[in-house]
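**Student:** Show me the folded form of this:
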Amino acid sequence: MKRILLSLCGAMALLCALPMRAQTEKISEKLPMSVRLAESEMVRCPESWQLDFQPKLKWDYCHGVELQAFLRLEEMYGDSRYFDYAEAYCDTMVREDGTVVAYKREEFSLDRVNTGKILFNMYARTGEEKYKKALDLMYSQFEGQPRTKEGGFWHKKVYPHQMWLDGLYMGAPFYAEYAARYGKPEAFQDVINQFCVVARHTYDPATGLYKHAWDESREQFWCNKENGQSAHSWGRAMGWFAMALVETLEFVPVDEPNRDSLLAILDNVVKQIERYQDKKTGLWYQVLDRSGDRGNYLESSVSAMFIYSLYKGIRLGVVPATYMTVADKGFEGFMKRFIKVGKKGVVSITDCCAVAGLGGKNMRDGSYDYYINELIRDNDPKAVGPFINACLERERLTPHEGPVTVENKNGKIRILMIGDSTMANKDTSKGSPERGWGMVLQDFFTDAVEVDNHAQNGRSTKSFINEGRWDKVLARIRPGDYVFIQFGHNDEKYNKPAVYTAPGVTFDANLRRFVMEARQRGGIPVLFNAIVRRKFDGERLTNTHRDYLLPPRRVAEETAAYFVDANAITHGIVEAMGPEDSKRLFMWLPKGSPSHPKGLQDDTHLNVYGAHRVAWSLISAVCNQIPRLEQHVKYFDFSNL
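**Tutor:** Numbers count the residues shown, from 1 in each chain. Coordinates of the predicted model:
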């Protein structure tokens with residue numbers, strides 16, 4: 001096999017062009033591998049725009065692949081330097097009007113869309129409108145993207161009539177996330193169709209794999225003139241496809257029609273991942289349909305992508321847990337074969353194919369010889385980014401294996417809470433069992449998390465602001481603090497002017513103010529809608545909050561904030577328990593109770609048991625979105641209640 005490696009002279013020249021960060025401390029081997037890799041990359045590339053061996057500013061998919069991993073790393077471990085590293089690139093590349101350096105919509109290149117995914121996080125965290133404008137610009141590309149007759153996106157305008165597996169990763173997860181965040185449900189069917197079209201036309205029944213690309217016109221010199229397929233199943237193309245499936249499924253609603261088509265395609269993909277895994281090393285070859293043949297080699301990017309896809313798919317529940325052994329074998333093989341630790345603990349990943357494609361000015365023919373003779377190099381973002389993600393997913397699934405915490409430079413993780421009586425702390429001096437769910441939230445966290453609850457009985461968004469309570473909370477917010485926001489019970493009291501707000505108008509405006517002002521202080525807002533009241537019509541629980549349930553979701557979508565559907569979650573709990581058993585959650589007290597001698601029948605406020613049930617359910621939903629908090633959740637014994 002002819003391996004063209006990046007020469008020592010070339011590497012030295014590149015290092016001279018891109019000054020290394022002065023590394024004063026050794027990167028500790030006790031840190032999680034995800035952290036060690038990120039630290040190593042920041043040594044190699046002090047400025048994030050330098051990733052992918054770039055000598056000048058470039059907006060391309062590789063930055064998105066790796067910087068998305070940095071953002072997930074910051075969410076997991078709370079070190080703001082990883083967010084800052086990604087933000088520096090975004091702030092440099094995105095202009096105030098939302099246009100992006102080196103991005104040209106009229107090129108209709110799906111490759112240019114991928115890095116847009118990191119802007120969702122940027123907008124959510126900073127509130128800077130330029131990021132939302134850039135997101136809108138990239139989403140608008142889909143409106144004009146040239147398509148095949150069946151509606152599949154061309155990979156690029158300069159690659160007419162062609163769909164590449166790579167393109168599904170470059171476009172579909174962004175398309176789906178935008179639709180989920182900003183209320184475009186009609187887009188989900190188009191997203192699903194992209195996978196169906198490309199799978200139908202690239203599938204090879206002889207191998208069970210998918211070919212790198214398909215030319216609808218049958219005109220390209222590299223394609224089979226009968227079916228339009230390219231000649232081989234390139235490993236990384238299958239890796240892009242696998243990652244595209246799991247990352248898209250994260251945003252497509254579970255009840256979306258035809259979602260099962262994505263699951264069926266993913267089912268075949270993971271079966272082939274297992275089938276083509278090298279039995280000795282646990283890794284995967286550069287050309288999958290020629291695995292083990294002379295000249296072929298075990299390649300790091302496809303291996304990282306498959307490992308990540310399996311771990312993430314298992315966590316999301318879209319890949320059976322039985323594939324954990326395949327992922328673990330791949331991970332262990334990756335660590336042995338591709339991970340090299342150098343001076344001062346700097347970690348490198350070896351044996352990554354630099355690039356491969358079809359056609360173009362270099363007339364790439366997609367032959368076996370072509371794929372095995374493309375440039376091979378170390379520390380390519382296409383291997384580094386997916387392997388950081390693989391490590392993070394593994395660290396989430398198997399937290400008992402090795403260190404799982406990194407020193408938080410800002411001290412403890414703090415959760416500040418604002419809301420009404422269903423969340424508030426209660427007076428227990430007279431033995432009352434009433435509790436707000438925020439009052440008991442600390443019971444579910446280790447000492448690494450501090451809950452600071454400012455919710456108050458009887459308050460609405462309006463009165464919480466007018467009484468100066470929000471200003472006091474705002475003054476306490478430090479960068480990185482989470483701000484839980486839940487109102488609605490009192491905002492809906494139209495006969496009480498001191499608390500009433502109109503849904504769609506003042507209620508939304510106040511929620512939006514909380515989000516934006518929290519962000520200005522560096523806080524991370526999390527919106528909740530109201531928990532249910534216990535009001536049954538026969539066996540069915542009725543909705544008493546009506547028009548006040550949608551605004552928190554709507555504001556979250558508009559501002560790209562986190563949202564938890566507390567009403568739906570608690571509705572499920574209460575209705576499942578039924579009219580009688582659900583009384584155990586609320587303040588239903590018999591006559592002669594110490595705190596309420598006359599008894600009480602309260603269907604709004606929670607007791608000790610109810611507050612803990614609700615708090616546990618809501619924090620579980622939060623942790624599904626914010627892995628940084630999940631690692632600090634502790635076991636709570638409900639049998640003691």
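
**Student:** residue boundaries of the strands in the stretch 501-641 of the chain?
**Tutor:** Taking DSSP state E, counting those that start in this stretch, the strands of the stretch 501-641 of the chain run over residues 524-528, 536-537, 540-541, 562-564, 586-589, 600-606.

**Student:** contacting residues around the fifth one?
**Tutor:** Strand 586-589 has contacts (CB atoms under 8 Å, 6 or more residues apart in numbering) with 433-434, 534, 595-596, 599-607, 610. Where C-beta positions appear, they are placed from N, C-alpha and C, glycine not excepted.

**Student:** other SSEs contacting the helix or strand in which I118 is found?
**Tutor:** Assessed by DSSP states H and E, I118 sits inside helix 117-126. On a contact count with 3 or more CB pairs under 8 Å, 6 or more residues apart in numbering; DSSP states H and E, helix 117-126 meets helix 61-77, helix 80-93, helix 129-144, helix 165-181.

**Student:** how far out from the middle of the chain is it?
**Tutor:** A distance of 11 Å separates the centroid of the chain from that of helix 117-126, by CA atoms, centre = their mean, to the nearest Å.

**Student:** what does stretch 527-538 give?
**Tutor:** Stretch 527-538 has its C-alpha centroid displaced from the chain centroid by 29 Å (CA atoms, centre = their mean).

**Student:** Quick check: buried residues in it?
**Tutor:** Of the residues in stretch 527-538, those with enough neighbours to count as buried (16 or more other CB atoms under 10 Å) are 527-534.

**Student:** With only the CA atoms kept, save stretch 55-69 in CSV.
**Tutor:** In CSV, the C-alpha atoms belonging to stretch 55-69 read as follows (Å, rounded to 0.1, in the frame of the first residue of the first chain):
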residue,chain,number,x,y,z
PRO,A,55,-3.4,29.0,7.7
LYS,A,56,-6.3,31.4,7.2
LEU,A,57,-10.0,31.8,8.1
LYS,A,58,-12.3,29.2,6.7
TRP,A,59,-15.9,28.2,7.2
ASP,A,60,-16.0,24.5,6.6
TYR,A,61,-17.4,21.3,8.1
CYS,A,62,-14.3,20.3,10.1
HIS,A,63,-14.5,23.2,12.5
GLY,A,64,-18.1,22.2,13.3
VAL,A,65,-17.2,18.6,13.8
GLU,A,66,-14.6,19.4,16.4
LEU,A,67,-16.0,22.5,18.1
GLN,A,68,-19.4,20.8,18.6
ALA,A,69,-17.4,18.3,20.7
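
**Student:** can you map out the strands along the stretch 251-400 of the chain?
**Tutor:** Under the criterion DSSP E, counting those that start in this stretch, strands of the stretch 251-400 of the chain are mapped to 339-341, 347-349, 352-353, 376-377.

**Student:** sorry, back to before: and the contacts of strand 586-589, which of them are buried?
**Tutor:** Burial by neighbour count, judged by 16+ other CB under 10 Å, picks out 433-434, 534, 596, 600, 602-607, 610 from these.

**Student:** of those residues, closest to E492?
**Tutor:** Among the buried ones among the contacts of strand 586-589, T604 lies closest to E492 (CB to CB), at 12.0 Å.

**Student:** could you pull out the helices for the stretch 501-641 of the chain?
**Tutor:** 506-520, 550-559, 566-581, 608-625, 627-630 (DSSP state H, counting those that start in this stretch).

**Student:** Let me know which of the strands of the stretch 251-400 of the chain is tucked in deepest.
**Tutor:** Stretch with highest mean neighbour count among those: strand 352-353 (a mean of 24; mean count of other CB atoms under 10 Å).

**Student:** Of the helices and strands packed on helix 117-126, which is nearest K280?
**Tutor:** helix 165-181 (26.6 Å).

**Student:** what sits against the nearest residue to Y178 once chain neighbours are set aside?
**Tutor:** Spatially, and ignoring its direct neighbours in sequence, Y178 is nearest to Y139 (4.9 Å; CB to CB, 6 or more residues apart in numbering). Going by CB under 8 Å, 6+ apart, Y139 touches 174-175, 178.

**Student:** Of these, which is the most crowded?
**Tutor:** F174 (29 neighbours; other CB atoms under 10 Å).

**Student:** right, and that residue touches T115 too?
**Tutor:** No: the criterion here is CB atoms under 8 Å, and F174 misses it with T115 at 9.1 Å.

**Student:** any chance of the helices and strands packed on helix 117-126 in JSON lines, with distance to F108 too?
**Tutor:** Compiled in JSON lines, the helices and strands packed on helix 117-126 are given as follows (distance: least, CB to CB, whole Å):
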{"stretch": "helix 61-77", "distance to F108": "15"}
{"stretch": "helix 80-93", "distance to F108": "19"}
{"stretch": "helix 129-144", "distance to F108": "6"}
{"stretch": "helix 165-181", "distance to F108": "10"}
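
**Student:** comparing the ones you listed, which gets the lowest mean pLDDT score?
**Tutor:** Lowest mean pLDDT of the helices and strands packed on helix 117-126: helix 61-77, a mean of 91.

**Student:** Which two of the contacts of strand 586-589 have the greatest separation?
**Tutor:** Farthest apart among these - using CB to CB - are R534 and S595, which lie 19.4 Å from each other.

**Student:** In stretch 186-206, which residues are buried?
**Tutor:** 187-188, 190-199, 201-203.

**Student:** next one: stretch 126-144
**Tutor:** So stretch 126-144, judged by 16+ other CB under 10 Å, has buried residues 126-128, 130-135, 137-139, 141-142.

**Student:** could I get that stretch in CSV with only the CA atoms?
**Tutor:** This file holds the C-alpha atoms of stretch 126-144, laid out as CSV (Å, rounded to 0.1, in the frame of the first residue of the first chain):
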residue,chain,number,x,y,z
THR,A,126,-25.0,34.5,24.5
GLY,A,127,-28.3,35.8,23.1
GLU,A,128,-26.5,37.6,20.4
GLU,A,129,-28.8,38.2,17.5
LYS,A,130,-26.1,37.8,14.9
TYR,A,131,-26.0,34.1,15.6
LYS,A,132,-29.8,33.7,15.1
LYS,A,133,-29.5,35.6,11.8
ALA,A,134,-26.7,33.3,10.7
LEU,A,135,-28.8,30.3,11.6
ASP,A,136,-31.7,31.7,9.6
LEU,A,137,-29.4,32.3,6.6
MET,A,138,-28.1,28.7,6.6
TYR,A,139,-31.6,27.3,7.1
SER,A,140,-32.7,29.3,4.0
GLN,A,141,-30.2,27.4,2.0
PHE,A,142,-32.5,24.4,2.1
GLU,A,143,-35.2,26.4,0.3
GLY,A,144,-33.0,26.7,-2.8
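
**Student:** give me the number of residues near K225?
**Tutor:** Neighbour tally, K225, other CB under 10 Å: 10.

**Student:** For stretch 220-234, output the C-alpha coordinates as CSV.
**Tutor:** What follows is stretch 220-234 as a C-alpha-only set of coordinates in CSV (Å, rounded to 0.1, in the frame of the first residue of the first chain):
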residue,chain,number,x,y,z
GLN,A,220,-20.4,10.9,-13.8
PHE,A,221,-17.4,8.8,-14.9
TRP,A,222,-17.1,7.3,-11.5
CYS,A,223,-20.5,5.8,-11.3
ASN,A,224,-22.1,2.5,-12.4
LYS,A,225,-24.1,3.3,-15.5
GLU,A,226,-26.9,1.0,-14.5
ASN,A,227,-27.6,2.1,-10.9
GLY,A,228,-25.6,5.3,-10.5
GLN,A,229,-23.6,4.0,-7.5
SER,A,230,-20.0,4.7,-6.9
ALA,A,231,-17.7,1.7,-6.8
HIS,A,232,-17.0,1.2,-3.1
SER,A,233,-18.2,1.6,0.5
TRP,A,234,-15.8,4.1,1.9
